[in-house]
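Engineer: need coordinates for the following:
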Amino acid sequence: MATLEIRDLHVSVEADGGSKEILRGVDLTIRSGETHAIMGPNGSGKSTLAYSIAGHPKYEVTGGSVTLDGEDVLEMSVDERARAGLFLAMQYPVEVPGVTVSNFLRTAKTAIDGEAPKLRTWVKDVRSAMEGLRMDASFAERNVNEGFSGGEKKRHEILQMELLRPKFAILDETDSGLDVDALKVVSEGVNRVRQGNDVGMLLITHYTRILRYITPDFVHVFVDGKVAEQGGPELADALEESGYDRFLTPAAG
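Structural biologist: Got it, this is the predicted structure:
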């Protein structure tokens, strides 16, 4: 069983000519097969956590540790993190002009596995995953995310996850900008990966609607760069009723 362990993580970014601390001591442990939902108001540090784990250079880790099966993730380059089994589905996927989806996926799979997948099996796997996400076969020959709608970009992120089969997947507001139909299709894709690959997931979201389709094992509420409360799926239900006000309003007295 693989384990992703985050201990007392502090992260800052450059802002207004100085350094601003965003994460203020985050502790999380995610194991194979577990799905953890990270919820919280805007600006609470949810996406900062995602990009810090993935190795985005904008974010400076000033304290704490991130380890994957005891190996120091923070000492790894971005590509080393991917090969070690970390995957990030971005909130705003970028376009890659001149690179087709087909070439991108096979190149990524080859880089992670250390060898090219067998072509006949690979084509079958890609076709099957695309059908499951209701993506037309023509998408394979389009440039990565170029001219894609928001929903198409998110489906492509889940397509990558299905094919690359990471140990741990971080989904940064995958529900953002999706209509009800697209949300259901994307959620079904996430659930297929959960059921078939024993992957650990960090599902970052502002709203509870995606949790109607993807049931988390644990829910963590982020406020002001720290975990303010944690529990099971029932915590998400409570947030649906009350929102985040009780975490943001100072206690009386």
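Engineer: OK, contacts around the nearest residue to residue 29 once chain neighbours are set aside?
Structural biologist: Nearest residue to residue 29, sequence neighbours excluded (C-beta to C-beta, 6 or more residues apart in numbering): residue 5, at 5.1 Å. C-betas here are computed from N, CA, C, even on glycine. Applying C-beta atoms under 8 Å, 6 or more residues apart in numbering, we find residue 5 in contact with 28-30, 65-68.
Engineer: distance check, residue 5 against residue 73.
Structural biologist: From residue 5 over to residue 73 the distance is 9 Å, taken as C-beta to C-beta, to the nearest Å.
Engineer: which of the contacts of residue 5 lies closest to residue 83?
Structural biologist: residue 68 (11.0 Å; C-beta to C-beta).
Engineer: can you report phi and psi for residue 205?
Structural biologist: Main-chain torsions, residue 205, degrees, to the nearest 10: phi -150, psi 150.
Engineer: neighbours around it, how many?
Structural biologist: Neighbour count of residue 205, defined by other C-beta atoms under 10 Å: 22.
Engineer: hang on, isn't it packed against residue 173?
Structural biologist: Yes - counting by C-beta atoms under 8 Å, residue 205 touches residue 173, with 5.9 Å between them.
Engineer: to what extent is residue 158 buried, counted in neighbours?
Structural biologist: Residue 158 has 25 neighbours, counted by other C-beta under 10 Å.
Engineer: scratch that, residue 20
Structural biologist: If you count neighbours by other C-beta under 10 Å, residue 20 ends up with 10.
Engineer: cool, and residue 86?
Structural biologist: 23.
Engineer: got it, and residue 171?
Structural biologist: Residue 171: 28 neighbours (other C-beta under 10 Å).
Engineer: just to revisit the earlier point, who touches both of residue 5 and residue 73?
Structural biologist: Common contacts of residue 5 and residue 73, defined by C-beta under 8 Å, 6+ apart, comprise 66-67.
Engineer: follow-up on the earlier one: pLDDT averaged over the helix or strand containing the residue nearest to residue 29 - what is it?
Structural biologist: Using DSSP states H and E, residue 5 falls within strand 3-15. What strand 3-15 shows for mean pLDDT is 94.
Engineer: how far does stretch 19-27 sit from its chain's centre?
Structural biologist: 19 Å (C-alpha atoms, centre = their mean, to the nearest Å).
Engineer: for it, buried residues please.
Structural biologist: Neighbour-count burial for stretch 19-27 flags 21-23, 26 (criterion: 16 or more other C-beta atoms under 10 Å).
Engineer: can you list the neighbours in contact with it?
Structural biologist: Contacts of stretch 19-27 (C-beta under 8 Å, 6+ apart): 6-14, 45, 48-49, 52, 59-60, 62-64, 224-227.
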